[in-house]
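Participant: Provided below for reference: sequence and predicted model.
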Amino acid sequence: MEPASRLDNNHDLAVKDFPYIIRWRDDRCKRCGKCTAVCPMYSIEPAVVVKRTLHSEGSTPEPKSTRRVETIVKQTTDIGKYCTGCGTCTLVCPNEAIEPEYNPQHKFNFHKNRGGHPYRRGGRRNDPSPSTLDKLRFSRISMLTDPALDAGRHEFRIRTYLGRILPAEELPVKAVDGRLEVTKKSGTFIPPVREIYPVMIGSMSIGALSPNMWEGLAMGITYLNEVEGMPVVMCSGEGGMPQRLLKSRFIKYFIPQIASGYFGWDEIVRTIPHMVEDPCAIEIKYGQGAKPGDGGLLMAHKVLKLISEIRGVPMGVDLPSPPTHQTKYSIEEAVAKMIQSMSMAWGFRVPVYPKISGTHTAKAVLNNLIRNPYAAALSIDGDDGGTGAAYNVSMDSMGHPIASNVRECYLDLVAQGKQNELPLIAAGGVGKRGNLAANAAALFMLGASAVSIGKYIMQAAAQCFGDEYNRCNVCNLGKCPRGITTQDPRLYRRLDPDKVAERVVEVYKSLDVELKKIFAPMGRSTELPIGMSDGLSTDDPAIAERLKIKFTC
Amino acid sequence: MCRLAALTSAEYISPMETILALETMKEGHDGSGMGLILKGLGGEFEDLKDYPVLSGICSEAGMKTLDSYMNKIGFKLKYTWTPKTKAIKGIKGHDNYFARVYDYPDIVKDRPEPVKEGLLLNTRLALRALGELDESIIIFAFYPDILALKEVGDPLQLGEFFGLEKSSLKAKIILAQGRQNTNYAINLYACHPFFIQGYGTMTNGENTAFVPIREFLSGRNIPGYIGYNSDSEVFCHILHYTCRQLGYPLHYYKDVITPLKQEEIDRRPDHEATSFLKMSLRPLCIDGPNCVIGFTPDGTCFMVQDSKKLRPGVVGGLNGKYGLMSEECGLDSAIPGREKSTDIFPMKYDMVIIKPDAEEVTVWNQLHG
Ligand code: SF4
Ligand code: SF4
């Protein structure tokens, strides 16, 4: 006898167990097959069904049945081919006949571990609730008590410093005939400092991003610097940069990153003698907010010719980066050495700073860096940050939100009187719900000198589908339907680098206007409102207490 | 808007002149307080210039605490000035207003000036702490040749209350400020002008960057960088920090509070040093709207504006007497006979500097350095 489970499909999953259910409309579908062809997951397929219809003619019921074979579009219940809800099928459908619908009752996490392999994906923490940053408001309005600034008329300078700043007491200056002069012979080491736009594009590697996406971002950045006069900078992410860019004068707008795999660094080091400009800075990655303790992995199918050249590795092999730097056995010694070596490589002309994931122990790292004269900044990446590939558990359950982490670090610096010496760069969920300017401004007021964005720019400039409902998020599979995170030319040719660049410029120009709209009524125009926490409030008493800001209701 | 009236003169002048200037500039209700700081004291104080003057207000009990503390440290009272107060409707007043001249304790008499200055500052802070909780002791200054008087009320009425019209109290530099009615919680420590170790300033406007500035100053570990009952007190401490602690010439005060853009700095002859200042002192940048009037220990007076010049401010006078006022009508009241066409209205890059004894006025332009 056949087991009952085979007869009633008892061990199969139901569509209802999946996070997205495909709503397909028979009456609209013209059976063109575009949706099934485009689906990156093969979640929908053309299928045939037998339909039996009963009909009766005449004045008394004389039912007759007819059987017809029809083609339909069917959603699979194979967990390996789950629908990600990306909506690419909807985009290509000429008749608006198909659409994924989010299913809040899904059981995806119960099942996505077949073969004993935990679920891995790209994206961000699947938590759609508003972040702390979104709960902050700017409520000290100085418009009535005093003549206010006018965002449209007055001059604003939205700039910040990247690099270690000497305290005034240690500056090698002295007054000569009523004027301050720099005393050259003092022997004081003056660390390099860059004046940049305070919203940077955070580290996304050329391997993780498609060539078209990376090129689009790079063109946008260059245009902003050269045409708009906005010194926006961008970090390379791990894995090096094309030789052509390294040797060009545009390298000054980029921050090459060195991470635990050291990919691409043989090539970079060999290029140093041929570089015509110094890079903006060097970022040493020790951690990533989205996946603390999880290393990187560039899958073999992404390691094509360009990537293998840039990274200095053979084609078609998996490229794992370990979770930690293998050379690191203590922060006191090894981190200092790493910072010093990188500084030395460029003759101490380039700021070098570490990036860590948000953590309770961020203050310990900070205090170590304060005492290292070569450390140029500390970048902290909160748990709302994004990644190209990670274990779901790392993304969803590990990490520390950025708001309180950056605040406690800043207040620690204040207690030591060093808040202007070591800039804090805040990242991880800036613009999570689209409020880029407000989130960035709030972070400045909590104490950040600069912020870094990643997902926001992918969504705004290249229409990335990802969201906090686990939409799409197949960045790790090289199947990116938007052509953003794939090395497959059939996919990335969909993405026009010029359009990406244009959007980057638009995003920054509108961000600039919005920042002014926040700063003007609060009376800040010449410098960033770093640490101007009296301007912030929240209607959540616990947040107010933790961040030491005002509670309003 | 708070009103500012300062006079600097080669001759001794009465504080009533600045009070009348405040009165001329008055608009609407204006009773949240008046502060006066006199520098270069005349009258009874003329022969006591080397001795520190303790200016403040005490209750009867506070007076006793103060006396016993000063005795314990070894300060010897040489002379006491008290205003001859007269009851005026609407002015509540305090028990004792005083300016007491002391001789230094024997152990510091022959010590260098910085040691003496340190002792004066620490003594002022200690007295302030002793009487802060119950408001039994309020101390505004303890420094040679400086006298401070502050009280809540309308400036003209306060002049009458303190009997200043008939008083022999005179000085060469007088700063007077009348507080506007937007300041409700009236604490006399919030009353301008502010003073620390020879530097005095008064300001009008709101200091929108107050919190980061206060946090930066508090973190310098410099005694006296406390209080901040008013967001304007930091202007005085920035001046002290720039000129005394860092030893920069006075005009760098302007570069500290309203830094130029980097492109503008690059055109200055001292661009290297000024670029460093811009970075290292970034948290001290103000954003106004503020007009700042102040003096330094040698008797130089100045006026600067915020970087957008959002406040009025005018400097004018004759050789030997200049006024620095928030409005022109105040200047008309204090120095009516001057050549008005030479009045200076400092703009966003300007710092008006008047030499000691009102000898000469110069306008330093930040763009040219
Ligand atoms: S939404 Fe995306 S994954 Fe789902 S069926 Fe459509 S194309 Fe495929
Ligand atoms: S659109 Fe591409 S980058 Fe965005 S979530 Fe999907 S796979 Fe990832």
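Facilitator: Good, I have the coordinates. Numbers count the residues shown, from 1 in each chain, chains lettered A, B, ... in the order given. Ligands and ions are numbered 1, 2, ... in the order given.
Participant: now check the helix of greatest length in chain A, is it near ligand 2?
Facilitator: Using DSSP state H to define each element, chain A has its longest helix at helix A:497-522. No - on the criterion Cβ under 6 Å from any ligand atom, helix A:497-522 is out of touch with ligand 2, staying 12.4 Å away. Bear in mind the C-beta positions are built from the backbone N, C-alpha and C, glycine included.
Participant: whether the following helix or strand past that helix contacts chain B - can you check?
Facilitator: The first helix or strand that comes after helix A:497-522 along the chain, using DSSP states H and E, is strand A:536-538. No - figure legend: strand A:536-538 not in contact with chain B (Cβ under 8 Å from any Cβ of the partner chain); closest approach 10.2 Å.
Participant: for strand A:536-538, packing partners?
Facilitator: strand A:136-138, helix A:436-446, helix A:541-547, strand A:550-551 (3 or more Cβ pairs under 8 Å, 6 or more residues apart in numbering or on different chains; DSSP states H and E).
Participant: give me the helices and strands touching the second one, please.
Facilitator: Other helices and strands packing on helix A:436-446, by 3+ Cβ pairs under 8 Å, 6+ apart, are strand A:136-138, helix A:402-415, strand A:450-453, helix A:497-522, strand A:536-538.
Participant: any idea which of these is most buried?
Facilitator: Across these, the average number of neighbours (mean count of other Cβ atoms under 10 Å in any protein chain shown) peaks for strand A:450-453, which reaches a mean of 27.
Participant: quick one: distance of that one to the chain centre.
Facilitator: For strand A:450-453, the separation from the chain centroid amounts to 10 Å (computed by Cα atoms, centre = their mean, to the nearest Å).
Participant: which helix or which strand is home to B:V315?
Facilitator: Element membership of B:V315, judged by DSSP H and E, is strand B:314-318.
Participant: now that strand: average pLDDT?
Facilitator: Averaging pLDDT along strand B:314-318 gives 95.
Participant: neighbours of A:L304, how many?
Facilitator: Using other Cβ atoms under 10 Å in any protein chain shown, A:L304 is surrounded by 17 other residues.
Participant: residues in contact with it?
Facilitator: Contacts for A:L304 were tallied using Cβ atoms under 8 Å, 6 or more residues apart in numbering or on different chains; they are A:M315, A:G316, A:Q487.
Participant: let me see the contact set for the second one.
Facilitator: Applying Cβ under 8 Å, 6+ apart, one finds that A:G316 lies in contact with A:A300, A:H301, A:V303, A:L304.
Participant: assign it to helix, strand or coil.
Facilitator: Look at A:G316: counting by DSSP: H, G, I helix; E, B strand; the rest coil, its state is coil.
Participant: so how far is A:A345 from it?
Facilitator: 31 Å (Cβ to Cβ, to the nearest Å).
Participant: okay, helices next: where are they in the stretch 251-400 of chain A?
Facilitator: A:265-271, A:305-311, A:336-345, A:362-370, A:392-397 (DSSP state H, counting those that start in this stretch).
Participant: whoops, I mixed them up, the stretch 101-250 of chain A
Facilitator: For the stretch 101-250 of chain A, the helices defined by DSSP H, counting those that start in this stretch occupy A:108-111, A:211-226, A:243-246.
Participant: can you check the stretch 251-369 of chain B too?
Facilitator: Per DSSP H, counting those that start in this stretch, the stretch 251-369 of chain B carries helices over the ranges B:252-257, B:262-265, B:271-280, B:328-334.
Participant: local confidence estimate at A:Q326?
Facilitator: pLDDT at A:Q326 comes out at 75.
Participant: which residues does A:R546 contact?
Facilitator: Counted by Cβ under 8 Å, 6+ apart, A:R546 has contacts A:S404, A:R407.
Participant: what mean pLDDT does the lengthiest strand in chain B get?
Facilitator: Looking across chain B with DSSP state E, the single longest strand is strand B:3-13. Strand B:3-13 carries an average pLDDT of 95.
Participant: remind me which residues of the chain are low pLDDT?
Facilitator: Because you didn't say which chain, this covers chain A. In the predicted model of chain A, residues A:1-7, A:143-147, A:328 satisfy pLDDT under 70.
Participant: oops, wrong one, chain B.
Facilitator: Ranges of chain B meeting pLDDT under 70: B:28-31, B:181-185.
Participant: so B:T203 makes contact with B:P289?
Facilitator: No - the criterion here is Cβ atoms under 8 Å, and B:T203 misses it with B:P289 at 10.0 Å.
Participant: neighbour-wise, which of those two wins?
Facilitator: Ranked by neighbour count (other Cβ under 10 Å), B:T203 and B:P289 place B:T203 first, with 30 against 24.
Participant: got the contact list for that one?
Facilitator: Neighbour list for B:T203: B:C2, B:L4, B:H192, B:S232, B:F235, B:N290, B:C291, B:V292, B:I293 [criterion: Cβ under 8 Å, 6+ apart].
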